[in-house]
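S.K.: For reference, the sequence and a predicted model appear below.
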Amino acid sequence: MFLHRLRRFDLYTKPVEDCRVKTPFGGVITLISFVVIVLLFISETWSYLSVDVVEQLFVDSTSAEMRIEIHFDITLHKLSCPLVTIDVMSQSGESQDGIQHDVFKQRLDKQGNNMEGAQPEKQVVNTNASKSANVSRRTSSDEECGSCYGAIKGCCNTCEEVREAYRLRGWVLQNIDKVEQCKNDAVLRSLSEQADEGCRVWGKVDVGKVGGNFHLAPGVPSTHANSHFHDFHSVSPARFDASHTINHLSFGKPFPGKTHPLDGKQFITNKGGIMHQYQLKIVPTRYIYGVTRKEEETLVSHQFAITRVERDIMAGASGIPGLFVQYEFSPLMVQYEERKRPLSFFLVSLCAIIGGVHTVAALLDAILYNTQRAIQRKMAVAKAN
């Protein structure tokens with residue numbers, strides 16, 4: 001009796017079986033609806049199982065004392081390894097204290113392959129330590145005393161001492177190949193004997209969280225009066241072609257979704273005297289693992305945006321040939337946090353998919369059925385007339 005009273009609340013009335021009409025296009029719509037529901041179910045399940053990463057922006061709160069690892073892998077196509085030096089310094093041009101590095105060089109042939117028999121060599125990274133003049137003042141007759149070619153009084157027994165003497169005098173040393181002490185100069189010898197060689201430089205450098213730069217450039221690095229320069233041993237900058245490929249460049253540890261904008265980029269100039277500048281804006285990044293790892297873990301790393309500039313020194317621009325990466329830190333921090341969708345959201349979405357597809361299919365079936373009935377009635381009337 002009670003169940004019979006509940007019938008008046010039934011919103012889902014059922015027609016008598018004999019009154020139901022099944023049509024071919026109704027069956028087609030049913031099959032299509034079933035396929036759509038299955039596809040949407042798979043898509044929604046995949047979305048539920050995947051990780052949502054929420055991005056937020058904050059003021060950088062990381063310690064100024066933290067250390068940052070710069071990872072790089074760069075191929076210089078037209079500069080041999082003996083010519084290339086690696087320097088790291090702050091924005092002001094001053095040396096950074098406590099820099100740790102692990103950098104290697106590999107000689108390459110003209111085709112860019114490793115030189116046969118040449119092993120990777122560990123490279124010392126220069127940190128902008130000043131170099132002082134080292135001109136010998138020995139004058140005793142029983143010791144060798146090379147000429148300084150009128151620059152200063154005293155002895156210049158090496159090519160470096162001759163150049164330093166000219167530098168102190170403010171003179172320009174021309175025709176260096178005619179200077180007796182410079183006939184065995186390493187730079188000149190490398191330019192002639194290893195003209196077709198390239199060099200791959202890779203490794204990591206640990207620096208402080210201050211703006212600065214690191215560069216790969218030819219010549220002997222020196223600092224004088226807070227100015228950093230490279231001694232080309234009186235060789236024209238036009239002879240140094242810094243065409244290169246950046247195989248990899250990143251700051252900090254990797255995390256899911258981290259991009260490396262310069263990876264695989266090749267810059268070929270086919271001429272010397274070009275200064276390649278990369279101006280990087282380093283953005284501190286915090287990544288919070290909440291799903292992909294069993295325990296919640298926070299990783300602090302860095303991303304960067306890039307602006308590239310080429311300067312032609314032979315056309316009058318200031319600078320030296322080479323590859324220069326200048327970086328500064330953003331005051332803002334990006335935070336990525338992994339989150340998983342609640343099960344209730346997943347169930348509601350599934351209900352919405354099934355109900356929505358069923359409703360649309362029923363509406364489409366009704367439209368097609370009524371249209372067919374109307375056409376049939378018109379055809380019947382036409383035949384009767």
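M.R.: Looks like it came in fine.

S.K.: Could you pull up the contacting residues of the closest residue to Leu40 other than its chain neighbours?
M.R.: The shortest distance from Leu40 to any non-neighbouring residue, by Cβ to Cβ, 6 or more residues apart in numbering, is to Ile353 (4.6 Å). For glycine as for every other residue, the C-beta is placed from the backbone atoms N, C-alpha and C. By Cβ atoms under 8 Å, 6 or more residues apart in numbering, the contact list for Ile353 reads Ile37, Leu40, Phe41, Glu44.

S.K.: And Ile353, how far from Leu363?
M.R.: 16 Å (Cβ to Cβ, to the nearest Å).

S.K.: Let's see which of the contacts of Ile353 end up in helices.
M.R.: Ile37, Leu40, Phe41, Glu44 (DSSP state H).

S.K.: just those residues now: which is nearest Glu55?
M.R.: Distance to Glu55, by Cβ to Cβ, is smallest for Glu44 among the ones in helices among the contacts of Ile353, at 22.9 Å.

S.K.: what about the closest one, how many residues close to it?
M.R.: 17 (other Cβ atoms under 10 Å).

S.K.: Now do the contacts for it.
M.R.: Contacts of Glu44 by Cβ under 8 Å, 6+ apart are Phe346, Ser349, Leu350, Ile353.

S.K.: If burial is judged by neighbour count, which of those pass?
M.R.: For these, a burial check counting by 16 or more other Cβ atoms under 10 Å picks out Ser349, Leu350, Ile353.

S.K.: part of a helix, is the second one?
M.R.: Yes: secondary structure assignment (DSSP: H, G, I helix; E, B strand; the rest coil) places Leu350 inside a helix.

S.K.: wait, doesn't it sit right on Phe41?
M.R.: Yes: here Leu350 reaches Phe41: they are 6.6 Å apart, a contact under Cβ atoms under 8 Å.

S.K.: which residues in the stretch 201-350 of the chain form strands?
M.R.: 212-218, 220-224, 227-231, 244-251, 265-267, 274-289, 297-312, 322-329, 332-339 (DSSP state E, counting those that start in this stretch).

S.K.: Given the last one, what are its sheet partners and their directions?
M.R.: It refers to strand 332-339. strand 52-59 (antiparallel), strand 274-289 (parallel) (DSSP bridges).

S.K.: ok, now the shortest one?
M.R.: According to DSSP bridges, strand 265-267 forms sheet pairs with strand 244-251 (antiparallel).

S.K.: ok, back up a step: make TSV out of the buried ones among the contacts of Glu44 and add distance to Phe232 and pLDDT.
M.R.: TSV is the format used below for the buried ones among the contacts of Glu44 (distance: Cβ to Cβ, whole Å; pLDDT from 0 to 100):
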residue	distance to Phe232	pLDDT
Ser349	67	92
Leu350	71	92
Ile353	70	92
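
S.K.: Domain map for the chain?
M.R.: In terms of domains, the chain is parsed into 24-50+348-384, 63-339 (source: automatic domain parsing).

S.K.: can you give me the end-to-end distance of the longest one?
M.R.: When you say that, I think you mean domain 63-339. 26 Å (Cα to Cα, to the nearest Å).

S.K.: next one: it to chain centre, how far?
M.R.: Its chain's C-alpha centre and that of domain 63-339 lie 18 Å apart, by Cα atoms, centre = their mean, to the nearest Å.

S.K.: Low-confidence ranges, the protein, go.
M.R.: Along the chain, the parts satisfying pLDDT under 70 run over 1-3, 9-19, 92-98, 127-143, 172, 174-177, 183-193, 223-227, 233-234, 294-295.

S.K.: if we can go back for a sec, which stretch among the domains of the chain comes nearest Gln56?
M.R.: The closest of the domains of the chain to Gln56 is domain 63-339. By Cβ to Cβ, the value is 4.6 Å.

S.K.: Let me see the contact set for the closest residue to Gly264 other than its chain neighbours.
M.R.: Closest residue to Gly264 apart from its sequence neighbours, by Cβ to Cβ, 6+ apart: Asn247 at 6.9 Å. When contacts are counted by Cβ under 8 Å, 6+ apart, Asn247 touches Asp73, Ile74, Thr75, Trp202, Asp263, Gly264.

S.K.: follow-up on the earlier one: go through the buried ones among the contacts of Glu44 and name the one nearest Gly27.
M.R.: Ile353 (21.2 Å).

S.K.: tell me the phi and psi of the closest one?
M.R.: Main-chain dihedrals, Ile353, degrees, to the nearest 10: phi -60, psi -50.

S.K.: Give me the distance between it and Ser43.
M.R.: Distance of Ile353 to Ser43, given as Cβ to Cβ: 9 Å.

S.K.: Look up how far Cys148 lies from Ala165.
M.R.: As judged by Cβ to Cβ, Ala165 and Cys148 stand 4 Å apart.

S.K.: swap in His260?
M.R.: Per Cβ to Cβ, His260 is found 50 Å from Cys148.

S.K.: quick one: which of the two has more around it?
M.R.: Comparing His260 with Cys148 by other Cβ under 10 Å, the one with more neighbours is Cys148, at 22 against 16.
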